[in-house]
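Peer 1: Sequence below, structure please.
(one chain, ligands or ions: 1)
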Amino acid sequence: MKEKLQVLLQDAKTEISAAKALKDLEDIRIKFLGKKGEVTSVLKNMKDLSAEERPLIGKIANEIREEIENLLDAVKEDKKKLEIEDRLEKESIDVTMPSKQTSRGHKHPINVALDEIIEIFLGMGFKIAEGPEVETVYHNFDALNAPVDHPSRSLSDTFYITEDLILRTQTSPIQVRTMMNQKPPIKIIAPGRCFRNDEIDATHSPMFHQIEGLVIDKDITMADLKGTLDMFAKRLFGSQTKTKFRPHYFPFTEPSGEVDVSCFKCGGEGCRFCKGSGWIEILGCGMVHPNVLRECGIDPDVYNGFAFGMGLDRITMLKYEIDDIRVLFENDVRFIKQF
Ligand code: DAH
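Peer 2: Numbering: from 1, shown residues only. Below is the predicted model of the structure:
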C-alpha cells in the first residue's frame, strides 16, 4: 500500500506538471483527492490493514494528500498569473489600428434637391417660412381669391377634415399667413408637403411637395419676377438654361404665368426627356392679385409683388432622371442608396 501511495504521488506530480490550464488542475484534484479519488480510496481501504500498519499508512497517505494539495495550490497560482497575462495580451487594444467603417447613410434625393433650391434662394436674400399641413379652407382658398365654386375646392380634389379644415392642397396659404403676420418688404420661400385627392400613378401622388415663393415690396414688376426665376433656373439647371414665360391662370395672381426651362438633357433640341418639345415646365407664377394683398392687410396701392410655386418632387425627378414618383416615397433603400 505504501508503494501504491508513492506511485499515486508520482502520477499526480507528472500530471500536475503537464497541466495546461486551471481547469486541468481542478480535474487532477478530483481524480486524486476527490470523494471518489484515488488517494481517498486508499484511505477508505485502511480498515483492511493490520492494527500496526494502519497508523503508518494513514500518516503517509495524509502526507501525500497534503503534498498534492500544496503542489496544486502552487501551480494554480502560477497558472492564474499566466492566464491573466494571456488574457491581457489577447484583449489589448491596438489604438493605431484603423477603425471599423460604419455606414453613415445620406439624404433622400428630395432633400438633396430641396437643399440646393433653398441655397439658391437664400443667396438671393430670401428667408424660409413655414405653415401648417392641416390648414383652414380660408387660408388655402378664400384668402387666395379662389371662389367658392372653384373646382379645386371640391371633395373629389381636396381632403377635408371638417367643413373648414383640410390638408393643404398647395403651399400658397403660407403666403397668406406670412403677409398677415409680417410687414413688407417680404421675401420668402416656403417648402412643404401638400395633399390632393389624386389616384397614385407614375406622375401623381396624394402627398407631394411644393416650394412657394413670395416677394412683396414697393414697385415690384414682372421684370423682377422674370429676372429672379430666370436666375434661379440657371443656377439649378446650368448657366445655359433658357426660360420661357407662358400665360396661365391662377386665382391669386394677375397676370399669371407658367415657366418652362429649356431641356437640360438635350439643350432644347427635343428628346425623350422633354417629350420632343425642347422645353420642360417647372413652375407657376404671377403678380400677387390685389384682392389677396387687401385680404392680408396690405394696401395694393402702396405695395405689390410676385409669387411662384413649384413641385419639388417633379424637380427632383427631372434632376435625377427618375420616371416614377412612387419610388420617391416607397423608401426602398435599394432605390435611395443610388443617390
Ligand atoms: N399653388 C399653385 C399650384 O399648386 C402653384 C403656384 C402658382 C403658386 C402660381 C404661386 C403662384 O404662388 O404665384 O398649382
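Peer 1: mind listing what's buried in the helix ranked longest in the chain?
Peer 2: Criterion DSSP state H: the longest helix present in the chain is helix 53-91. Buried positions in helix 53-91, judged by neighbour count with 16 or more other C-beta atoms under 10 Å: 57, 60, 61, 64, 65, 68, 71, 72, 75, 76, 79. For glycine as for every other residue, the C-beta is placed from the backbone atoms N, C-alpha and C.
Peer 1: Repeat that for stretch 24-33.
Peer 2: For stretch 24-33, burial by neighbour count (16+ other C-beta under 10 Å) applies to 25, 28, 29, 31, 32, 33.
Peer 1: do the same with stretch 275-283
Peer 2: Quick answer for stretch 275-283 (16+ other C-beta under 10 Å): 278, 279, 280, 281, 282, 283.
Peer 1: same thing with stretch 288-308?
Peer 2: Buried-residue list, stretch 288-308, by 16+ other C-beta under 10 Å: 288-289, 292-293, 295-296, 298, 303-308.
Peer 1: Now do the strands in the chain.
Peer 2: 127-128, 134-136, 165-167, 186-195, 207-217, 243-250, 253-262, 279-288, 304-311 (DSSP state E).
Peer 1: now those strands as a markdown table including distance to the ligand and mean pLDDT?
Peer 2: Compiled in a markdown table, the strands of the chain are given as follows (distance: least, C-beta to the nearest ligand atom, whole Å; pLDDT from 0 to 100):
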| stretch | distance to the ligand | mean pLDDT |
| --- | --- | --- |
| strand 127-128 | 15 | 98 |
| strand 134-136 | 12 | 98 |
| strand 165-167 | 13 | 97 |
| strand 186-195 | 7 | 98 |
| strand 207-217 | 5 | 98 |
| strand 243-250 | 4 | 97 |
| strand 253-262 | 4 | 97 |
| strand 279-288 | 3 | 96 |
| strand 304-311 | 2 | 98 |
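Peer 1: What is the burial count for the residue in the stretch 101-250 of the chain that the ligand sits nearest to?
Peer 2: Residue of the stretch 101-250 of the chain nearest the ligand, by C-beta to the nearest ligand atom: residue 170 (3.6 Å). Residue 170 is flanked by 23 other residues according to other C-beta atoms under 10 Å.
Peer 1: excluding its backbone neighbours, what's nearest it?
Peer 2: Counting by C-beta to C-beta, 6 or more residues apart in numbering, residue 170 lies nearest to residue 194, which is 5.6 Å off, once chain neighbours are set aside.
Peer 1: Quickly list what the one you found is bridged to.
Peer 2: Counting by DSSP bridges, residue 194 forms beta bridges with residue 208.
Peer 1: Distance check, it against residue 76.
Peer 2: From residue 194 across to residue 76, the span is 76 Å (C-beta to C-beta, to the nearest Å).
Peer 1: ok, now which ones touch residue 172?
Peer 2: By C-beta atoms under 8 Å, 6 or more residues apart in numbering, the contact list for residue 172 reads 140, 144, 212, 252, 307, 309.
Peer 1: want to throw the residues you listed into CSV with distance to residue 129?
Peer 2: Shown next, in CSV, are the contacts of residue 172 (distance: C-beta to C-beta, whole Å):
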residue, distance to residue 129
140, 15
144, 15
212, 8
252, 16
307, 12
309, 13
